[in-house]
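**Student:** Sequence first, then the predicted structure:
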Amino acid sequence: MAAMAQTRIGTRLVPADAAGIHEAARLLRAGGLVALPTETVYGLACDATDPRAVARLYAAKGRPSFNPLIAHVPDLAAARRIGVFSAEAEALAARFWPGPLTLVVPAREGAVCDLARAGLSTLAIRVPAHPVARAVLEAAGRPIAAPSANRSGHVSPTSADHVMADLDGLIELVLDAGASAVGIESTILDCSGERTILLRPGGLARGPIEAALGHVLARRTTHKGAAGEAPIAPGMLASHYAPSVPVRLDAAEVRPGEALLGFAGARPAGSEAAVAVLDLSPTGDLVEAAANLFAHLRALDAPGVTGIAVAPIPHEGLGEAIRDRLNRAAAPR
Ligand code: TXA
Ligand code: MG
């Protein structure tokens, strides 16, 4: 990202108590930028109906402006006011909201500004489960755009400290509610076409979704909007979740200079000489592994580490989303 002159402002880090929630909603209504806890990752929130606020948000993230944003609302009734829900989208929302699931549906005219949708005719909508996020959404009373609260290309933040490391001086407020419980972004389903398609594996695993739908989910990695319009990148510039050093998946050995990101206690050959070792879940629990993923990647991306070797991680359950993020981190850039 080319360096861009940006005015630095005082960023306040406050607890997510009643006063903090009130202040967050006030700032959002006034066009401010506020980092909020959600159950998946911390989000950088702004008023999705305010093009100036959305433009500031893109600038603070250093995000390419063709990448559309998720509109967050407190409940399904509010979601129906901004998007058009098919029977299948209704069923998914009823079953999994609030929670780590984002549904892409046809947008209602004027529901959020064009810039937040990056000009698409569809809109990604999520009802988060985190009580602080829900309280802020209710108090703000309008759809809130909230990408992950990191600089574009960095790993997603799962704590207020991660947010400050990336965005201190660029946003008004950070609400601190401790570590994110899920730790990986929401699963994104495209419900705007004939068939429901998995756009991004995430915090809700494929299994329960397919059980609710009664059929298997198609997966699409290159995506055109519902009307075959502008190509978009759902998550999904290849190297989107990147630490500064190379990441190697399914490593059979740890090479000199590498740190090891382990799983289930596995210690590949050469682990004794690893610069650092962290285990995503010593007991092999994929839910715990997802919760630790981004914090561990950040911790291992440290001075003296020339690369991160990742022990094999299973494909099932949340393993699909964990492997997706690690594959992006491993992509050449
Ligand atoms: O868990 C989450 O989803 C977090 C928390 C903060 O809610 N948010 C998040 O937002 O991950 P973000 O902006 O980092 O990722 C949203 C993804 C982007 O990759 C974007 O391309 C995709 O959603 N997206 C947004 N609108 C879309 C649309 N209309 N069609 C397809 N993909 C869309
Ligand atoms: Mg993101």
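**Tutor:** Yes, it's here. Numbering: from 1, shown residues only. Ligands and ions are numbered 1, 2, ... in the order given.
**Student:** which residue sits closest to Gly278 in space, ignoring its chain neighbours?
**Tutor:** Just to correct that, residue 278 is Leu rather than Gly. His296 (4.6 Å; CB to CB, 6 or more residues apart in numbering). Yep, even glycine has a C-beta here, placed from its N, CA and C like the rest.
**Student:** Now that neighbour: which helix or strand?
**Tutor:** In the assignment (DSSP states H and E), His296 maps to helix 286-300.
**Student:** Now do the buried residues in that helix.
**Tutor:** Neighbour counts using 16 or more other CB atoms under 10 Å place 286-298, 300 of helix 286-300 among the buried residues.
**Student:** repeat for stretch 82-89
**Tutor:** Ile82, Gly83, Phe85, Ser86, Glu88, Ala89.
**Student:** contacting residues around the third one?
**Tutor:** Counting by CB atoms under 8 Å, 6 or more residues apart in numbering, Phe85 touches Ala79, Ala93, Leu103, Val105, Cys191.
**Student:** Now with 7 Å, please.
**Tutor:** Ala93, Val105 (CB atoms under 7 Å, 6 or more residues apart in numbering).
**Student:** So what's the gap between stretch 319-326 and the chain middle?
**Tutor:** 13 Å (CA atoms, centre = their mean, to the nearest Å).
**Student:** so, in contact with ligand 1 or not, that stretch?
**Tutor:** No. Stretch 319-326 is not in contact with ligand 1 by CB under 6 Å from any ligand atom; minimum separation 10.5 Å.
**Student:** picking that back up, for the residue nearest to Leu278, report the pLDDT, please.
**Tutor:** At His296, the model reports a pLDDT of 96.
**Student:** Hmm, it is touching Leu280, no?
**Tutor:** Yes. Between His296 and Leu280 there is a contact under CB atoms under 7 Å: 6.2 Å.
**Student:** which residues are in contact with both of the two?
**Tutor:** Leu261.
**Student:** coming back round to it: check the buried residues of helix 286-300 and tell me the two furthest apart.
**Tutor:** Across the buried residues of helix 286-300, the longest distance by CB to CB is 20.6 Å; it joins Val287 and Leu300.
**Student:** residues contacting Gly284?
**Tutor:** Phe263, Ala264.
**Student:** Check which helix or strand it maps to.
**Tutor:** Using DSSP H and E, Gly284 maps to neither a helix nor a strand.
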